[in-house]
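S.K.: Following is a predicted model, sequence given first.
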Amino acid sequence: MRAVIVEQPGGPEALTVVERETPQPGPGEVVVDLAAGGVNFIDIYQRSGAYPLPLPFVGGNEGAGTVSAVGEGVTDVAVGDRVAWAMTVGTGYAEQAVVPAARLVPVPDAVDLETAAATMLQGMTAHYLVNSTFEAREGQTAVVTAAAGGVGLLLCQMLRDKGVRVIGTVGSEEKAELARANGATDTVLYREVDLAEEIRRLTDGQGVHVVYDGVGRDTFDAGLSVLRPRGFMVLFGAASGPVPPVDPQRLNAGGSLFLTRPSLAHYASDREELLWRGREVLEAVAGGRLTIRVGGRYPLAEAQRAHEDLEGGRTTGKLILVP
């Protein structure tokens, strides 16, 4: 089978397509024939060496497909089942993957497998951000950075459905239109205006209850400055680069603010929580309550281009690799 591997950390050119032996499942594992694998920023961090992994490794952490073999002790998954997963290293950029059965979520019949692959990591991320990290409620105001990105579009939809006013930051008017179509009440072209000043204007100087920031360095300071007293800065990514160290006194001076740096791994660490988030998200997709935008569909041989497009900010929605 073909797989995309990283032999040494580096730029997109570090991704290489190779032929590998057909994998075999160990105890508690299954083999899945992939319909698609998701492309995420964590893949870039791993490829570059920012998040070191033992070398060499297969790229990707997310996918969906059909079970083709099960290992010893697996009782709740069978050959032929349609499944999806996320946050499982070395399982996305290949024709087949070995996945722990405990990390699999069943895919409803109404959801095609490519859509399922595009849903899991970003969908469950948006789910924990609005339901657990900061439980958003009707009447609140939220800022969503990169509102036309994969997580951003899902956050806009979920927050809209909760009755939250969403102010989305975007990099172009095209992306602004997309964010508004998915639930953003207002959009800000953050490279063309003073972001903090514009958010204060939009909120009549009152500020916002929460900032969901997946951009990091370019938007963090402005986001922190527009929070209401006891507001939440939820920093869940660093697409523009890491945030410099923060003096905790800034949180006090800003009004007893909260700052958290969550990750999906800690919000879906046990089977029960994983199934709750995964099933709620996939069922929302199946019922038409949540729309997944696939902004790019690449063959395995073009994994490098997928990374270049994602890093370059040239994409909207979710990118997937299709064997």
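M.R.: Okay, I see it.

S.K.: Not counting sequence-adjacent ones, nearest residue to residue 208?
M.R.: residue 141 (4.5 Å; C-beta to C-beta, 6 or more residues apart in numbering). C-beta coordinates here come from the backbone N, C-alpha and C atoms, glycine included.

S.K.: Any buried residues in the host helix or strand of residue 158, and which?
M.R.: According to DSSP states H and E, residue 158 maps onto helix 150-161. For helix 150-161, a neighbour-count test (16 or more other C-beta atoms under 10 Å) marks 150, 151, 152, 153, 154, 155, 156, 157, 158, 159 as buried.

S.K.: So in that sheet, which strands flank the helix or strand just after that helix, and in what orientation?
M.R.: Once the chain leaves helix 150-161, the next helix or strand it forms, by DSSP H and E, is strand 165-170. Here strand 165-170 has these sheet partners by DSSP bridges: strand 141-144 (parallel), strand 186-189 (parallel).

S.K.: for the helix holding residue 158, packing partners?
M.R.: helix 113-128, strand 141-144, strand 165-170, helix 173-181 (3 or more C-beta pairs under 8 Å, 6 or more residues apart in numbering; DSSP states H and E).

S.K.: Dump the strands paired with strand 165-170 to TSV, plus mean neighbour count.
M.R.: What follows is the strands paired with strand 165-170, written out as TSV (neighbours: other C-beta atoms under 10 Å):
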stretch	mean neighbour count
strand 141-144	28
strand 186-189	21
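
S.K.: Nearest to residue 8, out of these?
M.R.: strand 141-144 (35.9 Å; C-beta to C-beta).

S.K.: Alpha carbons only: can I get the closest one in PDB?
M.R.: Extracted C-alpha coordinates of strand 141-144, given in PDB (Å, rounded to 0.1, in the frame of the first residue of the first chain):
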ATOM      1  CA  THR A 141     -20.800  37.900  22.000                       C
ATOM      2  CA  ALA A 142     -17.800  35.900  20.700                       C
ATOM      3  CA  VAL A 143     -14.800  36.600  18.500                       C
ATOM      4  CA  VAL A 144     -13.800  33.800  16.200                       C
END
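
S.K.: Give me the average confidence score over that strand.
M.R.: Mean pLDDT, computed over strand 141-144, is 98.

S.K.: That strand: how far from the chain's middle?
M.R.: Taking C-alpha atoms, centre = their mean, to the nearest Å, the mean C-alpha location of strand 141-144 is offset from the chain mean by 17 Å.

S.K.: And the residue nearest to residue 121 when sequence neighbours are not counted, how far from residue 127?
M.R.: The spatially closest residue to residue 121, leaving aside those adjacent along the chain, is residue 86, at 3.9 Å (C-beta to C-beta, 6+ apart). To residue 127, residue 86 is 11 Å away according to C-beta to C-beta, to the nearest Å.

S.K.: Fine by me, we can end here.
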